Every structure is written in C-alpha cells, then in structure tokens.
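1. coordinates for the following, if possible.
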Amino acid sequence: MSKVVMVRGVPIGAGTPKVIVPIVERSYSEIIGKVQSFEGRPIDMVEWRADFFDEIFDVERVLYTLSGLRITLEDTPLLFTFRTKGEGGEKEISWTDYTALNKAVAQSGKADLVDVEFFSGDSIARENTDNIHAAGCLVVGSNHDFSATPPAEEIVARLRKMQDMGADIAKIAVMPTSTSDVLALLSATAEMYEKYARCPLITMSMSAKGVISRLSGEVFGSAATFGSVGKGSAPGQIPVEQLGQALSILHSAL
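-> You can find the predicted model right below:
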C-alpha cells in the first residue's frame, strides 16, 4: 500500500488536500442537475451519498443513475457511499442488502471508490472489501461518531484496523464537544500519518468547533476534505470556493 492513491489522475495523499463534494439530492434529475452546477468550481472528487436517493432500494435505478453521473462527471473521480442510519445516514438497510448494493455498484465500473463502514462487523467489512476489490474498485474504509470524540489512541487504533483490513483509504469523522476534542483528532491524525500509515487518511472533526480540521489536513496528514456546493452532508462543511482558497493559502505557506 502507498500513502498516495491515484484516482483518474488525481493523487490522493499528495500535495494540497483534495476537495470532495457530496451529492445529497433525492431524484435522478436533481442529482444530474447538481453535478452540472459543479462546472468551473474547485472540486477534485464527487461523493454520491446514495442513502439520500429516493429510489436507492431499486438497484436498476441506482445503476442507471450511476451511468448518468459517470457521463456528466466525465473524468472527475466518483465515490459511492451508502451511509447507514447507525453512522449518521438517512435510511436503514440490512447488511445483506448493503453488501449486495456495494457489490453491484463496484461491478458496474461507474464508481471509482466505494465507502465501507468498517465497524459494521469484521466479516461484513471483509466481504465488502473483497467484493469491491474483485471488481477493480477502491475501498474507502470509514467510521463516524456523531456524538463524541474518542481518545486519540482509539482514533489511531480504528484507522490502523481499517488499513490492516484492506482499506485503500482510511477515513474517520468524529464530533467534538470541546477544543481539546479537536486537538485529539489532529494529534491522532499526525501520529497515524507519521508512524503507521501505509495508505492515505481522511480525518475530520465535525461541526463549527472542528472546522480547523477541514482546513489543516496538509499539516497533520489528512489527504482530503469535504466541501459543499449548496447543501452539505455533515456539520461544518465549508463552501468549496472558500475551502479552495484556504487550502491554497496554507499550501503556499508550507
């Protein structure tokens, strides 16, 4: 594994943190319209948060929508994510259906990366990872805590587990209740990056308290950050134009 992963020519883990924008629209026409509004904006990757999609449990409609996204996005990398209710998503899903959905998406060849919730259970995480890799797709291992920030050593342990279980990119998002929580996330990111990382990391402290974590990835070792065009998918996301300016200023200073 490498700390840099190339996705359609975009180096995740090198240089300025890459800007990922989520799509949270509910219908096909709204989704495609949203992508069309991205033209000319500083966006490196798009995430389809498919748990917002009204027809998500119709796999044919999901694959049809993916095809439309792929055509409209052209060469912009696409991350497919079904965020479960337990980790802050919109809908409940059985793990059997979750696994089948991720496999169908990976096999379609339309998405470049598929998100897998690695703390859904080891066997589920492994089955999803194996299926996605077998289809030639990359895995973003993820974990989200919308209620608290674990201690720094626990954050490091979770990131190491995702990496050891085969994630191509390891991602964690936590909720701060204090400034010290934000510092714990940043400290854990730096420790993971400097001591253990063999793959790119994406880390963030959510809400207004944690905004600094969305800007300072290049300092601490986070390879990407999520920005918004209109409605975001999580607390604390910054409009992409402002985000791009801030990342550029910090990159120049470094």
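2. from H251, how far out is I32?
-> In this view, I32 and H251 are 32 Å apart by Cβ to Cβ, to the nearest Å. Placement of C-beta: from N, CA and C, glycine included.
3. scratch that, I23
-> 26 Å.
4. repeat that for F52.
-> 32 Å.
5. cool, and E92?
-> Going from E92 to H251 by Cβ to Cβ gives 41 Å.
6. and what of A224?
-> Between A224 and H251 the computed distance is 14 Å (Cβ to Cβ).
7. sheet-wise, list the partners of the lowest-mean-pLDDT helix or strand in the chain with their directions.
-> Sorting the helices and strands of the chain by mean pLDDT, DSSP states H and E puts strand 238-239 at the bottom, at a mean of 90. With DSSP bridges as the test, strand 238-239 is paired with strand 224-228 (parallel).
8. contacts for the strand it pairs with next, please.
-> If you take Cβ atoms under 8 Å, 6 or more residues apart in numbering as the criterion, strand 224-228 is touched by 12, 17-22, 43-45, 47, 169, 200, 202, 204, 214-215, 217, 232-234, 237-240, 243-244, 247.
9. from the residues you listed, which land in helices?
-> 214-215, 217, 240, 243-244, 247 (DSSP state H).
10. tell me the two of those that are most distant?
-> The largest separation in these, counting by Cβ to Cβ, is between G217 and V240 at 14.9 Å.
11. what ranges in the stretch 1-150 of the chain fall below the confidence cut-off?
-> Applying pLDDT under 70 to the stretch 1-150 of the chain picks out residues 1.
12. can you map out the helices along it?
-> 28-36, 59-73, 95-108, 122-134 (DSSP state H, counting those that start in this stretch).
13. show me where this structure has strands.
-> In the chain, the strands defined using DSSP state E lie at 5-7, 10-12, 18-23, 45-49, 78-81, 113-117, 138-145, 169-174, 201-205, 224-228, 238-239.
14. a markdown table for the ones you listed, including distance to R160 and mean neighbour count?
-> Formatted as a markdown table, these follow (distance: least, Cβ to Cβ, whole Å; neighbours: other Cβ atoms under 10 Å):
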| stretch | distance to R160 | mean neighbour count |
| --- | --- | --- |
| strand 5-7 | 17 | 17 |
| strand 10-12 | 19 | 19 |
| strand 18-23 | 22 | 23 |
| strand 45-49 | 24 | 23 |
| strand 78-81 | 22 | 23 |
| strand 113-117 | 16 | 25 |
| strand 138-145 | 11 | 23 |
| strand 169-174 | 8 | 26 |
| strand 201-205 | 11 | 26 |
| strand 224-228 | 19 | 23 |
| strand 238-239 | 29 | 17 |
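15. how about those in CSV, adding distance to A157?
-> Formatted as CSV, the strands of the chain follow (distance: least, Cβ to Cβ, whole Å):
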stretch, distance to A157
strand 5-7, 22
strand 10-12, 23
strand 18-23, 25
strand 45-49, 25
strand 78-81, 23
strand 113-117, 16
strand 138-145, 11
strand 169-174, 11
strand 201-205, 14
strand 224-228, 21
strand 238-239, 29
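16. ok, which of those strands comes nearest S187?
-> That would be strand 201-205 among the strands of the chain, by Cβ to Cβ, at 10.6 Å.
17. now do that closest one: everything it contacts.
-> Outside strand 201-205, the residues within contact range by Cβ under 8 Å, 6+ apart are 13, 140, 149, 155, 159, 169-176, 181-182, 185-186, 188-189, 192-193, 210, 212-214, 217, 220-226, 236.
18. tell me how far K91 lies from P200.
-> Per Cβ to Cβ, K91 is found 28 Å from P200.
19. the two: which is more packed in?
-> Higher neighbour count among K91 and P200: P200, with 28 against 15, using other Cβ atoms under 10 Å.
20. how about the nearest residue to A104 once chain neighbours are set aside, what does it touch?
-> Spatial nearest neighbour of A104, chain neighbours left out: V59 (5.4 Å); criterion: Cβ to Cβ, 6 or more residues apart in numbering. For V59, the contact set (Cβ under 8 Å, 6+ apart) comprises 100-101, 104.
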